[in-house]
Every structure is written in structure tokens, then in C-alpha cells.
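Trainee: Got a sequence here, can you build the structure:
(chains A and B)
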Amino acid sequence: MRLPCPICGERDRREFYYKGAALERPAPDAGEAAWDDYVYLRENPAGDTRELWYHDGGCGAWLVVTRNTLTHAVIGAELASEAKA
Amino acid sequence: MRVAGKGLLNTGRSVPFTFDGVRYDGIEGDTLASALLANDVKLVGRSFKYHRPRGVLSAGSEEPNALVTIGSGAQKDPNVRATVQEIHAGLQAHSQNRWPSLAFDAMAINNLAAPFLGAGFYYKTFMWPKAFWEKLYEPVIRRAAGLGGLSGENCADEYERAFAFCDLLVIGAGPTGLMAALIAARAGADVILADEDFRMGGRLLAETYEIDGLQGHLWAEQALTELGAMDNVRLMTRTSVVGVYDQGTYAALERVGHHKPHKAGPLECFWRIVAKRCVLAAGAIERPVAFRNNDRPGIMTAGAVRAYLNRWGVSPGKAVTVFGNNDDAHRTARDLLDAGVHVAALIDSRHDAPNFDGAQLMRGGQVCNASGARGIDAITVRTASGEERIRTDCLAMSGGWNPTVHLTCHMNGRPEWNREIAAFVPKPGAVPGMVTAGACNGAFSTADCLQQGIDAAKIALAELGLTAPDTALPDADDAPYRIAPLWAVAGKGRAWLDFQNDVTVKDVKQAATENFRSVEHMKRYTTQGMATDQGKSSNVGALAVLADATGRGIPETGTTTFRPPYSPVAIAALGAGGQGDGFAPQRYTTSHKASVERGAPMVEVGLWYRPSFFPKPGEKTWRQSCDREVGLVREHVGVCDVSTLGKIDIQGPDAAAFLDFVYTNMFSTLKVGRVRYGLMLREDGYVMDDGTTARLGETHFVMTTTTAAAGEVMRHLDFVHQTLCPELDVSFISVTEQWAQFAIAGPKSRDLLNGLLEAPLGEDWPFMACGSVDLMGVQGRLFRISFSGEHAYELAVPARYGAALFRELVARAEALGGGPYGMEALNVLRIEKGLLTHAELHGRITAFDLGLGRMVSAKKDCIGQTLSNRPGLKDPERERLVGLKPVGAIKQLMPGAFLFDKDAEPVRVNGQGYLTSACYSPTVGSTLALAFLKNGPERHGEVIKVVDHLRGLETLCEVVDPVFFDPAGGRARG
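Mentor: From the prediction side, this is the model:
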């Protein structure tokens, strides 16, 4: 698998570290349910998914990668620092 | 035997080799199979289960029978297909699965036991008694059934891995692949043409067709010359594409050294090829016909006989018979006759077979038996008029051709049945970016292959945005391929489907009878297709027999799943570079050489190598060295390389705010020139890492991490900054390797430094101070921190001065009665002080467990703060940090031991905690341990039981404060 790093270009997945779903961190007082969701609960989507990948074998950028779990197509990637909603 | 005037072995150079110790001569360009056949060696192996004598069946990588062992010793290579192995001077090949010899094999007794060894015998026999299975049945069966053995020695051969990228990958260099490659290359595409053979041309080398008036092999040569001269083309011979993966990624195995007499360089190279587009032109594999004793040596596929004749100038027999159900089989008889080889009969199972001149044609005939123990001597042919025995020493059989669809199925594509050619063809679009063409696509005439090669290249080029040049279809043979299916000839006896795994028609019928009707069940029950050839020559035949036995059609019966690799790949090739030193990187400190020179045994810490201890003459055990080193730190001064700790340089106006967010405690309040201990949590509230961070300037910090977690912390900081607070103006970078850092610990540490630094240390250097210092013309950084509880410093210099500084520090320490100390002493010193490592910070520990709950500031948010406040993470009942000191007799305390109430039975439900670190402390004069104990801090003074179940040790210990030595901390501050 290759991921399109916005800084380095398309690179082999061995250069990347996988974290998991790209999620919004809740406010400290968001409550137990929101924190439970953020830290523990994960969707298992059949289709497009947004995930965090770290280009540790390259530029050190965290990326939000959009990928399809059914077709394995890598749809795109953006810098996590710019992807923040 | 060789046939005069035939073959493409141009040089004619003789090449000597041995088979089972007997010397033979082949010709340069021979495979082991062609050379053996040229020498009239027909018996080359014994079958897997029944030890039946076997010969060469095919002329390609699909070979199920002719498996041999090449070489000896550590370089012994078992299960090599003789049809793929090229001969070279000094080649030593041995037959397999026979004892004492190939001609007389004692295990052939299995053949007589065949009635008991049929399908499912594993499941039905030897069920009990249970103990017999492991001790008797399994080993006996294992020995009896088998292939070549491994040497048992370390792999001595070199293997390599490599990557390649291209616009178009063309798989297969027969007429189709050559045509596609030519078109694409002329259009300017970056082309890789890969072929598993050592000579490109595919069937053009094995046939007598002409293209554009040229003999096929000459046309191929012309195409290859043109391709070879182009910079945008890479020709990869001996390269089998074995797997297809996402995003146009292809795995390929290149056989680099198997054909060379002297093994210099790699034996094989495992390629990952990334291709924007791919043309699959993998050709087709001929299938045998099942009939009684069709596994006799000398019975081969008709296309293989043709290949041996036309490419290698070898006739596998003197009186050849040909048996087929299609027009293609006639070519074999024709080519043999043209070469002057006697064709005893052409048996065509079709009643409407075309005419044939030059040999007896038996229309509607079927070969129903073969005789001859170690090579056939006759066949029995059944026709409407009865059975007839014909003397022959070679039978060329053809049940038709199967398109090589395997690679199109690697991404879950299922091939489709084509009734006209009685074979499976690839489903269009089965692999994104791949176009199939030629014989693997069901096109069986040369003209069709060339046309499909052109068309496939055009499709790929259009998708690549390139323009295909105008190319006329070369003039070539376009005879139709007519076939009437014939899978198995009816009759008694055993008729083989899967030669390599010894699966017969009877076995498949048996499976159907026992209701293993699904093709996947039949495969597993009979083991058909499960040998190393993956049933390349038997899958379709077997499922046709299954379809017949279950009263279904072939398309309804379906195929099993083709999975990578297409042909066998050695683990050594997949893992190339991962042996020995290649297994993991090795990181050395600047003091490495000096430590090794002092005889220090090095220990792996993460990827780093660090000295365990520095033995002195007369010291017989590590403990003696360790005790001495602890003493010299406590009494004088010790020097230790601590460069392996992670160092992260953090700068920017928001650096302090950033640290406040990643650490539980406050760093914005830290004064410039001071160091603070920090604790980092994961977002789930558990401890991730600890370390000290120094403030070198208003906007400049240097963080240290533990050695083991350096990479993890760096990634974490990047994560927090980039995804959670990109608005903070802060930058950081790992400087672990840029700075060499040494601990100088002990009462005389200041004396040592004052002799070295240009300005002596004054009163402005209290505990936890830091700053820039000058020494010997170099600017360094000094931190007054202590991991030993002593008055101590860490001195950092740019790494290029590390080696020199270490020697200097050690010399000065020794002059003061001290010296270097290693990891063992460092560990004792920190346990005596109750300081933590990842033995304690193992991922299930909270700040509360460590007695550091107050370090989680409530005044600010930080990573992990919210969830660290969960009641369960602050429960006093939790296992919390304590010190343990043995009372009474003690053998040994080791990490991993469990804690129990003094009088409780040491079983799981009574567990009270566990021990994480232990050592003998020469300072305290006792064994000491750190442990996590339920309600720990409330139980100081209690005696508990420590049980090491693995070693059978039981020790009574008193629960104490984890700081065993100098609890007030006066030594470090003084």
C-alpha cells in the first residue's frame, strides 16, 4: 500500500505508523460518554474511513488519510494540522 | 535422446553435471529436465505418498513430478523443479523421497498399501489411542510421505529484496507479451517485461510457427533486440510474478544465482514492482488426461514433448505415441515426424478428428492403461473395435489447455467457464489496472495472441495518456483450436489427477460419495492441489471429475481459490536482509569502543548497546563488578554513558504551553536554568513515560525520555502538536544522536568537573540547575540531575566529542578513586532510591499507583488528565508502588514473582500484587525489590509472602517505603 503524503509524495506504507480513526478530542468537561467514545469506541466502517497515519519514516507529518475498506482504494490524504475542522 | 538438426541450443557447448552421483553431459541452455531426457534418464523421482516412480511431466514451472535436491550442505536446496533448473558445470542434483535408491525404493511398499491410504485416510485411520498419534503414526507417516529435506544448517546463501516502478508491467514474454511490450515501449511508456524463463519467447521457442515469414524464435529475438536497445524498457528474465496486490503492486521472484556454478552474489531477489498498468500475458498450461497408470515415467504433456524437441533438440522417446482430445495434440505428432522421430500412433478421442498423414490415427480412441515399472514400455488403447496394446517409450498426452488465470484471482476475482475451449478464462476487470491478453485470456492461435497483445497495450497506453503507434498485425498462424472435453478415461485401477500429492480419480469420487461435494471440501479432503505445484496441472481435471460425480456442470461446481504465491517462494527471499545483523538495526553510543576495550559485556536496550559492567582483574562474577561500581558511585565518583535516553529539543514562543499540555505537571512556571521531573500520560490516563525537561531559555527546552520510549514520545509530541494544538507556535526535533551525554555521579562529581570545566561550579549550581558550560574549547550543557541519589551531573557535548570526553571523564574519575559504571550498577543505584524505569512504567500503571497522584495538576488540561480522574484509577485498593525487604532466609528475588498475604495459599485468587525490579544492594546490605501491592502504601511494616512459581522460590518480605536509601534526599542536594 502507498499513501500520498502531501509533503513527500506517494510513499510505501512501511514508512508510516498507523494510529486509527481520525477523531475530534472532546473538551475536558465533555462527560464520560464523549471520552469513552474518543478513547475506546471505534466504528468498523465498510466503505470510506478517515484515519490518522504518521510519516515517521519520512517528514514526521501526521496525516488524515481517506481510504475505502471495501476496495482498499486510497482516496486522499491531508495534513492533520490543516484537516482540523 | 538428441535429435540432429533440432533445438535452439546455439553454442553447443557441453556442460557436465551429476544426477544421483552419476556424471552426465548436457548442452549450454539445457534445463536439468532436458539434459536428463537427452541422456535417456526417465526416472527422476518418487511420488509423495505412494513412492511411485515418476518422470518429467512438463517443460515449465508447473512441474509436479521432477523435483530434485540441488547441492549439498548448508547450500542444499530441496524440491527444485528440474524443468526450471538450468544446468551448469558442477551442478549436483539428487532425487528425493526414496531409500535406499531411486531405482529400488523400500517405501514403495506404500503403493501396495494404497487401498488404505486413499482420500481422508488421515482422518479415518490412526484415531486412537491418542498417545500413538504423536509418538508413532505422525513420525512414521511424515518419514514415509515427503519431499526433499532441509539441510538443518543456517542458510548460507544471500538473498535480496528490491523495488521497481514502471508505467506498464508486462507479465510473460511469449508472442502476446512481446507484442504488448513492443507497442508500449514504442509509445514511450516505461515498460518492465518479466518472464519466468531464462530465455524470453514463451511458446515461440517451443513451436515451429512462423511470424511475418520468420521462424517464431527468430521473430522473438528480433523483438527482444528492439526492446533491449530502448532505455525505457527493462527486461527481467528468470523473474516469476507471484502475487498481485492493491494499487498495482506486484510481487516477483527473480532467480539470480541458481544457474551459476560459483555462488557469488544473491541467489534470489524478491521484487516489489509498482506498475501503473499491467498486461497479463501468462500463457496457458496443458492438462493431462486421467487414465490408469498415467503417472508412469515417459508419459508427458504433448506440449512439453514439443518443447523438448523444438527448443532443446531432445526427443523423450524413440517410438512416441500421442494421445489427445484437441487439434493441438496433432502438432506434436507432426513436429516429431518432421524431425524424423517415429510416431507409433496418434490417438484422438474425438470421432471427428481431422485427418493426419504420416502415422496411424486412431479416431475415437482412448488410452486406458500404461505398463512399464520405471518407464513406460506400452500403452493399451481402447477403440470401438476393442483394446489394442501398442509398444511405446513415450506418450505425449493433451487434455487441452488451461489459461493461466492465477494472477487474476489474487484480488478475489473468480474465473469464468468458457465452454468453447473447455477451460476457465479470467473475468474482465478482476484486477484493477490489469488487462489480460493471449493464451491466458483464452486466445489459442498465434494471430489471436498477437492481436490481443496489441489491443491490451493500446488500452493500457490510453489509460496512461500515451498514444499507441500504428502497428500492423504480423502475419501469423490462426488455425482454430478445437476440443472435445475428455477428463478421465473410464476403467479400473488408479488414474492420476494430482501427480504431486498422489490424488486419483477414485479419491475425488470417494470425496463426493462421502458428501464432500463442495470443491473446497474436496480439495482439503483429498489434498488435491495442495502440493507445492498448487495443482496447476490437476485443478480443472479434478473439479471436472467432481462435477461429474455430483451431477453438476463445471461452472456450478466452481474453482478453488488461487492464492499467492503463483510459484513457490523461499522464506529466505521474502525475509531477505533480515538474517543475523540484518534482523534489527544496532545503535552504538560514542563510548562503545572504549567500553568494549574495557571488556564490558554489552547488553541490548531497545536497539542500543550499553555496557552491563566493567570487569576488573580478579572479578569472577558480574555481581562483584556491580557491587564495586555501586560502591564507587556512593563513595567516590562514577561515569556512565546516558546518551541513549531520548533527547528532544523544543523551541518556540508556545513551548512552555505545549509542555504544560503533554506533561501532567506545570512547566510554564519552570525558571530558565532549571530542570524539572515530568510525568506524561496516555489519553486513557495511564502513565506513558517520565523524564526530566530543562529550560535552557525563555522559549527553549530540552526534554529527556526513557531510552525505550524515545521514539514513542517523539511520535506522541508530533501527534499532540499537529492534530490537537496546531495553533501553538512550537517546533521540536529529536537530538538524541546529536548529543553525547554522560552521568557523573558521586560525592566527588563536582571535584571532577571543576578540574575539567573552564569556570568552576559555584553556589549557583544547586540540585536541578542546568546551563551552558565550556570545557576544553567545547561548549557543552550541564544538568545537575541524579538517577542515583548522589550529588550528580549529566554533561552533554556534541556527539563528535563524545568518545574523547568519555575517556577523559573515566580517567579523571579513576584518579579520584572512581571509574565507569554500567547498566547493572545503574539499576542497583536507582532501585536503592526507588526511582522508576519501564519495569515499573509498564503501561497499566497510573500516577496514583506510583504515589505521584499530586503531579497531575488540576489547574490545567493535559493529555490523559480527564480519564486519570476516573474513580477506578485512583482506587486505594489498586496495586501501588512499595519497597520490599526480605526478612529471614532468602534465596533469590526476581521480577515477575507474585505477592500474597503471609498465610494465604499462593494461588491466583489470593494475589495481592507482583514484583517488578529486584537487586542486591551493597549499600543497604540486603536484597531489595520494588513491587506493586494492593493498598501498598498503607501496608508498610507488614510481612508478606513473595512466590516465584516458575523458579519455585518463596520469600517473606517486609513492605517498606520504596526509597531505601537516603530517604530525605540530602546526598543529591548537598
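Trainee: And the helices in chain A?
Mentor: Ranges of helices within chain A are A:32-39, A:80-83, based on DSSP state H.
Trainee: Of those, which stretch is the most buried?
Mentor: Neighbour counts averaged per stretch over these are highest for helix A:80-83, at a mean of 18; criterion: mean count of other Cβ atoms under 10 Å in any protein chain shown. Backbone N, C-alpha and C define where each C-beta goes, glycine included.
Trainee: neighbouring contacts of that helix?
Mentor: A:22, A:52, A:61, A:62, A:63, A:64, B:721, B:722, B:723, B:726 (Cβ atoms under 8 Å, 6 or more residues apart in numbering or on different chains).
Trainee: one more time with 10 Å, if that's ok
Mentor: A:6, A:19, A:22, A:50, A:52-54, A:61-66, A:77, B:718-719, B:721-727 (Cβ atoms under 10 Å, 6 or more residues apart in numbering or on different chains).
Trainee: Indicate which one of the helices of chain A is closest to residue B:35.
Mentor: With Cβ to Cβ as the measure, helix A:80-83 is the member of the helices of chain A nearest residue B:35 (61.4 Å).
Trainee: Any stretches of the stretch 501-650 of chain B with poor pLDDT?
Mentor: Within the stretch 501-650 of chain B, no stretch falls below the threshold (pLDDT under 70).
Trainee: and it, which of its residues are near chain A?
Mentor: For the stretch 501-650 of chain B, the contact set with chain A under Cβ under 10 Å from any Cβ of the partner chain is empty.
Trainee: count of neighbours near the nearest residue in space to residue B:366 that is not next to it in sequence?
Mentor: The spatial neighbour of residue B:366 that comes closest, neighbours along the chain excluded (Cβ to Cβ, 6 or more residues apart in numbering or on different chains), is residue B:489 at 4.7 Å. Counted with other Cβ atoms under 10 Å in any protein chain shown, residues neighbouring residue B:489 total 19.
Trainee: same question, residue B:796
Mentor: 26.
Trainee: Against which helices or strands is whichever strand or helix holds it packed?
Mentor: Using DSSP states H and E, residue B:796 maps to strand B:792-798. In this structure, strand B:792-798 packs against strand B:638-641, strand B:687-697, strand B:700-705, strand B:739-745, helix B:749-756, strand B:770-775, strand B:778-783, helix B:802-815, with contacts taken as 3 or more Cβ pairs under 10 Å, 6 or more residues apart in numbering or on different chains; DSSP states H and E.
Trainee: Please identify the buried residues of stretch B:925-935?
Mentor: Under the neighbour-count criterion of 16 or more other Cβ atoms under 10 Å in any protein chain shown, stretch B:925-935 has B:927, B:928, B:929, B:930, B:931, B:932, B:933, B:934, B:935 buried.
Trainee: quick one: which of those residues sit in helices?
Mentor: Per DSSP H, the buried residues of stretch B:925-935 never map to helices.
Trainee: Turn those into CSV, including distance to chain A and pLDDT.
Mentor: As requested, those are exported to CSV (distance: Cβ to the nearest Cβ, whole Å; pLDDT from 0 to 100):
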residue, distance to chain A, pLDDT
B:927, 40, 97
B:928, 36, 97
B:929, 33, 98
B:930, 29, 98
B:931, 29, 98
B:932, 23, 98
B:933, 28, 98
B:934, 25, 98
B:935, 26, 97
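Trainee: circling back: buried ones among the contacts of helix A:80-83?
Mentor: A:22, A:50, A:52-54, A:61-66, A:77, B:718-719, B:721-726.
Trainee: what about the closest residue to chain A within chain B, which helix or strand?
Mentor: The nearest approach of chain B to chain A comes at residue B:726, 3.8 Å away (Cβ to the nearest Cβ). Under the criterion DSSP H and E, no helix or strand holds residue B:726.
Trainee: Surely residue B:638 touches residue B:743?
Mentor: Yes: judged on Cβ atoms under 10 Å, residue B:638 makes contact with residue B:743 at a distance of 7.6 Å.
Trainee: now residue A:48, which residues is it bridged with?
Mentor: residue A:68 (DSSP bridges).
Trainee: What's the per-residue pLDDT of it here?
Mentor: We have a pLDDT of 97 for residue A:48.
Trainee: And residue B:120, by the same measure?
Mentor: 70.
Trainee: List the single closest residue to it in space, sequence neighbours excluded.
Mentor: The nearest residue in space to residue B:120 (Cβ to Cβ, 6+ apart) is residue B:525, at 5.3 Å.
Trainee: check contacts around that neighbour.
Mentor: Neighbouring residues of residue B:525 by Cβ under 10 Å, 6+ apart: B:119-120, B:122-123, B:503, B:507-508, B:510-512, B:514-516, B:518.
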